[in-house]
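[1] Sharing a model that was predicted from the sequence below.
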Amino acid sequence: MSDHAFLPPSGADCWVACHKWPWMQREFPDLGDKTAADEGTLAAQALNCLATSQPMPAGVTDEMAGHVADTWMYALGLGVTEWNSEQKLHGKSIHDSQNYGTPDLYGWDTFNLHVIDLKYGHGFVNHVGNWQCINYVSLILDQLNMSHELELKITVHIHIAQPRCFTAEPFRCWTIPLVDLRAYFNTLRNAAGSVMQMGAKATTGPQCDHCNGRHACATLQTVAGRVIDMSFDLQPVPMQGPAIAAAYAIGKAAIARMEAFVSGIEAQAMHAIKNGTQLPGLAIEYGQGREQWTLDADTLTQMADAMQLPITAPKPVTPAQARAMLKKAGIQQDVLNDWVFRPAGAAKLVPSKTFKTS
């Protein structure tokens with residue numbers, strides 16, 4: 001979880017790449033669906049509860065609890081003597097007043113600094129050169145009065161925990177000597193200075209994916225329009241060797257810009273529909289979430305034992321697992337209907353031939 005003054009929740013390199021980002025981000029509210037963001041926040045809170053021996057917060061599913069437990073077990077295996085969890089930090093080395101952040105976990109093993117950032121989404125987040133975590137390191141160092149001689153001995157380990165990213169290892173680590181991070185700190189410091197200037201430039205890039213103002217950004221609109229124009233140019237252009245690789249890279253980058261542009265318009269359209277505006281050909285559709293128990297674990301166990309239902313050994317299972325166990329045992333699954341509920345899933349924009357708004 002991140003609450004940087006400048007860096008977006010994803011930890012993308014907006015600060016470095018697009019100096020106009022803070023103004024666009026502050027001018028426009030987040031109109032997107034909150035489901036994914038709320039899940040990430042809840043997962044970070046659950047991890048903090050494990051680290052501080054507190055009860056799990058309300059709303060944590062069995063799946064989330066399992067993923068968070070895996071992350072905590074990974075942390076415990078790193079040799080850190082004491083973890084700091086959800087500790088809001090302020091620092092002045094990058095910016096004198098506007099830089100802050102809340103690392104999920106950080107701690108020391110002698111001269112080794114470990115920083116763990118839990119990402120609960122499915123999209124891959126790179127651990128190497130991760131600007132969000134690099135900024136966390138700068139904030140941690142700001143709390144210490146460390147000599148240059150001591151800095152030379154320190155090694156930094158930046159960990160990204162992504163238990164639901166199915167295209168990469170769930171736990172990834174980037175190890176780098178602290179002195180080698182100074183170049184990254186300088187880049188952040190220079191970018192922070194540019195960010196705070198009036199008339200800061202705007203450039204398109206990965207940062208557009210997470211900017212609230214992407215639907216109203218003239219620079220992104222220009223790039224998107226150019227991409228659309230190019231998509232209608234069907235003239236054959238024979239390519240050989242490196243030109244093929246270059247064209248592929250350019251095409252992938254163009255697709256990414258268009259996806260950012262469209263996602264911004266999509267968020268704006270969903271916001272308008274939810275507030276009663278009819279948009280021709282568009283409607284909002286809600287998916288269905290996974291079934292959840294309406295009973296706590298103890299009550300569920302008692303009820304299942306009383307009815308001789310084989311769904312709680314060795315511990316209470318998910319509703320989907322319980323239904324599978326009942327089916328295998330030849331028991332009607334509808335006995336569970338009064339014990340479960342299915343929350344509404346994420347909202348999405350869909351084509352529609354009517355003017356329905358929901």
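    Received it, and whenever you're ready, just let me know what you need.

[2] Would you mind writing the CA trace of the helix or strand encompassing residue 325 as PDB?
    Using DSSP states H and E, residue 325 sits in helix 319-328. These are the backbone C-alpha positions of helix 319-328, laid out as PDB (Å, rounded to 0.1, in the frame of the first residue of the first chain):
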ATOM      1  CA  PRO A 319     -18.400 -22.400   0.400                       C
ATOM      2  CA  ALA A 320     -17.200 -23.700  -3.000                       C
ATOM      3  CA  GLN A 321     -15.200 -26.400  -1.400                       C
ATOM      4  CA  ALA A 322     -18.100 -27.300   0.900                       C
ATOM      5  CA  ARG A 323     -20.400 -27.700  -2.100                       C
ATOM      6  CA  ALA A 324     -17.900 -30.000  -3.800                       C
ATOM      7  CA  MET A 325     -17.600 -32.100  -0.600                       C
ATOM      8  CA  LEU A 326     -21.400 -32.400  -0.300                       C
ATOM      9  CA  LYS A 327     -21.700 -33.400  -4.000                       C
ATOM     10  CA  LYS A 328     -19.000 -36.100  -3.500                       C
END
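
[3] list the helices and strands the helix or strand that it is followed by packs on?
    Next along the chain after helix 319-328, taking DSSP H and E as the criterion, comes strand 340-341. In terms of contacts (3 or more Cβ pairs under 8 Å, 6 or more residues apart in numbering; DSSP states H and E), strand 340-341 is packed against strand 292-293. Every residue, glycine included, has its C-beta placed from N, CA and C.

[4] Show me the contact partners of the strand it packs on.
    61, 300, 316, 319, 339, 340, 341, 342, 343 (Cβ atoms under 8 Å, 6 or more residues apart in numbering).

[5] Kindly recompute the last result at 7 Å.
    By Cβ atoms under 7 Å, 6 or more residues apart in numbering, the residues outside strand 292-293 that reach it are 61, 300, 319, 339, 340, 341, 343.

[6] How far away from the center of its chain is that strand?
    25 Å (Cα atoms, centre = their mean, to the nearest Å).

[7] Which positions in the helix or strand that it is followed by come out as buried?
    Reading on from strand 292-293 to the C-terminus, the next helix or strand found by DSSP H and E is helix 297-306. For helix 297-306, the neighbour count (16 or more other Cβ atoms under 10 Å) marks 300, 301, 303, 304 as buried.

[8] what's the farthest-apart pair in those?
    Maximum pairwise distance among these (Cβ to Cβ): 7.5 Å, between 301 and 303.

[9] among the helices and strands of this protein, which has the poorest mean pLDDT?
    Of all the helices and strands that make up the chain, helix 14-17 has the lowest average by mean pLDDT, DSSP states H and E, namely a mean of 42.

[10] how would you label residue 160: helix, strand or coil?
    Put simply, residue 160 is strand when judged by DSSP: H, G, I helix; E, B strand; the rest coil.

[11] Surely it touches residue 119?
    Yes - Residue 160 is within contact range of residue 119, at 6.2 Å (criterion: Cβ atoms under 7 Å).

[12] list residues touching both of these two?
    Between them, residue 160 and residue 119 share the contacting residues residue 125, judged by Cβ under 7 Å, 6+ apart.

[13] if you skip the residues just before and after it, what's nearest to residue 114?
    Excluding the flanking residues, the one nearest residue 114 by Cβ to Cβ, 6 or more residues apart in numbering is residue 157, at 4.7 Å.

[14] tell me the contacts of that neighbour?
    Each residue near residue 157 by Cβ under 7 Å, 6+ apart is listed here: 112, 113, 114, 173, 175.

[15] Tell me the helix or strand right after the helix or strand it falls within.
    Using DSSP H and E, residue 157 sits within strand 155-161. Toward the C-terminal end, the helix or strand that comes next after strand 155-161 (DSSP H and E) is strand 171-177.

[16] For that following strand, name the packing helices and strands.
    strand 155-161 (3 or more Cβ pairs under 7 Å, 6 or more residues apart in numbering; DSSP states H and E).

[17] avg pLDDT for the strand it packs on?
    Regarding strand 155-161, the rounded mean pLDDT is 97.

[18] picking up where we left off before, mind listing the strands the strand holding residue 157 pairs with, and their directions?
    Applying DSSP bridges, strand 155-161 is found paired with strand 112-118 (parallel), strand 171-177 (antiparallel).

[19] coming back round to it: most widely separated two among the contacts of strand 292-293?
    Farthest pair in these (Cβ to Cβ) is 300 and 343. Separation: 17.7 Å.

[20] still on that earlier bit, could I get the contacts of strand 292-293 as CSV with pLDDT and distance to residue 309?
    Formatted as CSV, the contacts of strand 292-293 follow (pLDDT from 0 to 100; distance: Cβ to Cβ, whole Å):
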residue, pLDDT, distance to residue 309
61, 88, 21
300, 80, 10
319, 83, 12
339, 85, 10
340, 85, 13
341, 83, 18
343, 78, 23
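
[21] Just name the closest of those to residue 136, please.
    For the contacts of strand 292-293, the nearest to residue 136 is residue 61 (27.5 Å; Cβ to Cβ).

[22] ok, how many other residues are close to the closest residue in space to the closest one that isn't next to it in sequence?
    Leaving aside its chain neighbours, residue 61 sits nearest to residue 292 (6.5 Å; criterion: Cβ to Cβ, 6+ apart). Neighbour count of residue 292, defined by other Cβ atoms under 10 Å: 15.

[23] Also residue 173?
    17.

[24] returning to that earlier point: make a ChimeraX selection of whichever of the contacts of strand 292-293 turn out to be buried.
    Applying 16+ other Cβ under 10 Å to the contacts of strand 292-293, the buried members can be selected in ChimeraX as follows:
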select :61,300,319,339,340
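
[25] My guess is residue 59 contacts residue 43. True?
    No - using Cβ under 7 Å, residue 59 makes no contact with residue 43, being 10.4 Å away.
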